[in-house]
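Student: prediction below, plus the sequence it came from.
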Amino acid sequence: MGNSIGKPKNKTGRKIVAQKLENAKKTGILSLSEHGLESVFPQIFELTNITTLDLSKNSLKSIGDVSIFKSLKFLNVDENKLPAGSLDL
């Protein structure tokens, strides 16, 4: 029992996110689940070759235009604060 949003379970911080962004350039996979994000890092939109983007379990109210990710096969934005119909696909 307790708050399901609660404190992020993943290590967070700029250093960790920078490392994950760098790894995503090589792997095509970016997971920023449970990082307590309130907005999307602009650097994410430079990763146009990613195939997997996981932004679940944050506090995002918008994520921008994800249609630029031409290779995207998996997008997870569950458990955020996104309004219905807010995804640009």
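Tutor: Cool, got the structure.
Student: who touches stretch 30-44?
Tutor: 7-10, 12, 16-17, 20-21, 23-24, 47, 50, 52-64, 76 (CB atoms under 8 Å, 6 or more residues apart in numbering). Quick note: C-beta positions are derived from backbone N, CA and C, even for glycine.
Student: quick one: end-to-end length of it, please.
Tutor: With CA to CA, to the nearest Å applied, stretch 30-44 spans 9 Å between its terminal residues.
Student: report the buried residues of that stretch.
Tutor: By 16 or more other CB atoms under 10 Å, the buried positions in stretch 30-44 come out as Leu30, Ser31, Leu32, Ser33, Glu34, His35, Leu37, Val40, Phe41, Ile44.
Student: and the worst-scoring helix or strand of the chain on mean pLDDT, what other elements does it pack with?
Tutor: Counting by mean pLDDT, DSSP states H and E, the weakest-scoring helix or strand in the chain turns out to be helix 14-27, with a mean of 92. For helix 14-27, the packing partners by 3 or more CB pairs under 8 Å, 6 or more residues apart in numbering; DSSP states H and E come out as strand 29-31.
Student: look up how far Gly85 lies from Ser33.
Tutor: 22 Å (CB to CB, to the nearest Å).
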